[in-house]
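Participant: below is the sequence, then the predicted model.
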Amino acid sequence: MTVLVIADIINDELSSDQIGKTIAAVSELGEITVLCACKNAGTPAGKAAKFDGVKKVLAVSDEVFANGIAESFSSLIVDLAKDFDYIVSAATAHGKNILPRVAALLDVMVITDISKVISNDTFERPIYAGNALQVVKSKDSKKIISIRTANFESVSQNNDAPVENYTCKKMTISSFWVEDKIQENDRPELTSAKVVVSGGRGVGSEENFEIIEKLATKLGAAVGASRAAVDSGFAPNDWQVGQTGKVVAPELYIAVGISGAIQHLAGMKDSKVIVAINKDEEAPIFQVADYGLVGDLFSIVPDLEEKL
Amino acid sequence: MKILVPVKRVIDYNVKVRVKTDGSGVDLTNIKMSMNPFDEIALEEAIRIKEAGKAEEIIAVSVGPSQAQETLRTALAMGADRAILVEATDSVNQDIEPLDVAKILHAIVLSEGTDLILCGKQAIDNDMNATAQMLSALMGCSQATFASKIELAGEKVTVTREVDGGLQVVSVTLPSVVSVDLRLNEPRYASLPNIMKAKRKPLEQRIPADFKVAIKNRLEIIETNEPPERQAGIKVSSVDELIEKLKNDAGVI
């Protein structure tokens, strides 16, 4: 069996965390080829070749792949599809954008956001915001799958697979990239951070979120937020942890002023250690927390930051 | 311009989901059902575009059991002009897969001549996040997923997309399929007079065969299970105790 893994590349930079975990998820399914398509694919392809289990890397350098436009990527992947039994990506914004499009072009049903590979045609995926786990068996001859990477440990990088350049055919595209508004900061990426500090509605305002950010800085952590905090305008949407945001599974997750709605728990309950700080001792977040501290977050969080 | 908005009938997002003990699925008996919240946002956006004078007609479509009529009546009460129910199953427990839904929607788009299709980014029951992208693929047109801002100007739509790490702005040429994210807008509530008026708006009933689509699930659902429960831990009484536990017991700092 053969597997094509689509690498997540933003501005010619490979997302190592996503590719490592995606390869780990599908390593039993067959021989892995990684597709690196972006403006200049040389460097990301070289990095992808290091991951254990990779047989070959396809490098495609073209302006049309610079900004993750779904039409370009799906057209390229469909051209390559005949050689592969599985077409796989991480369930990132990019993967979610392109894979269903590829699947429809190939008349295959996509299987999104899987949490486990059970056999070569059977997969587990969370449904209803993680309140149920469904096991599905695909009857399609080709399988197109996106991976919930938070559920997997990355493979090591001791490999040196061959990189092959591939030239794609000309394509007509009716979508045009205008601009990216990506937040620049030194924090680790939310989905791959070892520690995440998240704030909820209890934080009260955008200004108050600074205490969450300070604690995160002290711990070298990523900053997250509940949907309630995002909806209230305290935090940007790409910080959102939950079923409608990002799914994280860090070593340590600190939930501050978060009540613990089901939709939030779906995004963080696989964290190794969960700490909850909340003034309401009945808050549902305490039912999943390993360590709970009841009290005023505005005195606890600065105190914690100082003593760490 | 006509705008098409597909809507799905799903468990109300406030209802606690119960998994049946025999593994056969989620219990839907006597459960409050509502319009998928992302579809509500898509419909709200369509109504605002029409109110701004940039669209003439909004058509709401649902592919599912006959009970999806209620969801379409809600769409009509919110402001859709007419509705199409494609009765694709006689069981409320059967989910129609996005690929079949996209094929039916594609046929409707062709017969209605709609240039803009606004979809919710995912349904909160199967969380598949696929129909919009699949429809766009079948139409061979542009797509803009996870929209938090949509601006129409002639044949162009500028869409701000929610992506990892921030936002991306793309410009797509019509026809196009746009899937919407949470922060696009706050959907309105249907007023009582509009609920009454909706009862007289046209609701056409069709079946998949009308569009030459045979419903054929590609994914066989083997079982549906409850996720493993996480055990509650302990309450600590001070910041010092918390730090001590994290250092010595958990070893994470």
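Facilitator: That came in fine, so what should we check first?
Participant: neighbours of the nearest residue to B:Lys8 once chain neighbours are set aside, how many?
Facilitator: Among residues not flanking B:Lys8 along the chain, B:Asn36 sits closest, at 4.4 Å (Cβ to Cβ, 6 or more residues apart in numbering or on different chains). Placement of C-beta: from N, CA and C, glycine included. B:Asn36 sits with 24 neighbouring residues when counted by other Cβ atoms under 10 Å in any protein chain shown.
Participant: do the same with B:Gln231
Facilitator: The burial count for B:Gln231: 8, using other Cβ under 10 Å.
Participant: for it, helix, strand, or coil?
Facilitator: Here B:Gln231 is recorded as coil under DSSP: H, G, I helix; E, B strand; the rest coil.
Participant: for B:Lys20, the count of nearby residues, please.
Facilitator: Considering only other Cβ under 10 Å, B:Lys20 is surrounded by 15 other residues.
Participant: quick one, what contacts it?
Facilitator: Listed by Cβ atoms under 8 Å, 6 or more residues apart in numbering or on different chains, the contact set of B:Lys20 reads B:Val26, B:Asp27, B:Thr224.
Participant: let's see 7 Å
Facilitator: By Cβ atoms under 7 Å, 6 or more residues apart in numbering or on different chains, the contact set of B:Lys20 is B:Val26, B:Asp27.
Participant: dihedrals phi and psi, it?
Facilitator: Backbone dihedrals for B:Lys20, given as degrees, to the nearest 10, come out at phi -70, psi 140.
Participant: what's the distance between it and B:Pro228?
Facilitator: Computed as Cβ to Cβ, to the nearest Å, the B:Lys20 to B:Pro228 distance reads 17 Å.
Participant: quick one: the residue nearest to B:Lys8 from chain A, how far?
Facilitator: According to Cβ to the nearest Cβ, to the nearest Å, B:Asn36 and chain A sit 12 Å apart.
Participant: so that residue makes contact with B:Ala123?
Facilitator: Yes: here B:Asn36 lies in contact with B:Ala123, judged by Cβ atoms under 7 Å, at a distance of 4.8 Å.
Participant: now for those two: what residues contact both?
Facilitator: B:Lys8, B:Val10.
Participant: how about the residue nearest to B:Lys8, what does it touch?
Facilitator: By Cβ under 7 Å, 6+ apart, the neighbours of B:Asn36 are B:Val7, B:Lys8, B:Val10, B:Gly120, B:Ala123, B:Ile124.
Participant: now the closest residue to chain B within the stretch 201-308 of chain A: closest residue in space, sequence neighbours ignored.
Facilitator: Nearest residue of the stretch 201-308 of chain A to chain B (Cβ to the nearest Cβ) works out as A:Asp290 at 3.6 Å. Counting by Cβ to Cβ, 6+ apart, A:Asp290 lies nearest to B:Gly233, which is 3.6 Å off, once chain neighbours are set aside.
Participant: report all helices and strands that the top helix by length along chain A contacts.
Facilitator: What stands out as the longest helix in chain A, according to DSSP state H, is helix A:93-105. Identification of packing neighbours for helix A:93-105 by 3 or more Cβ pairs under 7 Å, 6 or more residues apart in numbering or on different chains; DSSP states H and E yields helix A:70-80, strand A:86-90, strand A:110-114, strand A:143-147, helix B:98-112, helix B:131-139, strand B:142-153.
Participant: related to what we said a few turns ago, would TSV of the contacts of B:Asn36 with pLDDT be doable?
Facilitator: Compiled in TSV, the contacts of B:Asn36 are given as follows (pLDDT from 0 to 100):
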residue	pLDDT
B:Val7	98
B:Lys8	98
B:Val10	97
B:Gly120	98
B:Ala123	97
B:Ile124	94
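Participant: one step back: the residue nearest to A:Asp290 contacts A:Leu293, correct?
Facilitator: No: the pair B:Gly233 / A:Leu293 is not scored as a contact, 11.2 Å apart, by Cβ under 7 Å.
Participant: and the helices in the chain, which stretches?
Facilitator: I went with chain A, as the question did not name one. Secondary structure of chain A (DSSP H): helices at A:16-26, A:42-48, A:70-80, A:93-105, A:209-219, A:227-231, A:262-268, A:297-307.
Participant: meant chain B actually
Facilitator: Using DSSP H, the helices of chain B run over B:37-51, B:68-78, B:98-112, B:131-139, B:192-198, B:239-244.
Participant: out of the ones you listed, indicate the one that is most buried.
Facilitator: Neighbour counts (mean count of other Cβ atoms under 10 Å in any protein chain shown) averaged over each of the helices of chain B peak at helix B:131-139, with a mean of 27.
Participant: excluding covalently adjacent residues, which one is nearest to A:Asn131?
Facilitator: B:Val17 (4.2 Å).
Participant: residues contacting that neighbour?
Facilitator: Counting by Cβ under 7 Å, 6+ apart, B:Val17 makes contact with A:Tyr128, A:Asn131, A:Ala132, B:Ile11, B:Val26.
Participant: thinking again about what came up before, just give me the neighbour total for the residue nearest to A:Asp290.
Facilitator: When counting by other Cβ under 10 Å, one arrives at 20 neighbours for B:Gly233.
Participant: quick one: contacts for it?
Facilitator: Listed by Cβ under 7 Å, 6+ apart, the contact set of B:Gly233 reads A:Ala289, A:Asp290, A:Tyr291, A:Gly292.
Participant: how about the residues of the stretch 1-150 of chain A by chain B?
Facilitator: A:70-71, A:74, A:92-93, A:96-97, A:100-101, A:103-105, A:109-113, A:122, A:126-140 (Cβ under 7 Å from any Cβ of the partner chain).
Participant: filter those to the buried ones?
Facilitator: Burial by neighbour count, 16 or more other Cβ atoms under 10 Å in any protein chain shown: within the residues of the stretch 1-150 of chain A next to chain B this picks out A:70-71, A:74, A:92-93, A:96-97, A:100-101, A:103-105, A:109-113, A:122, A:126-136, A:138, A:140.
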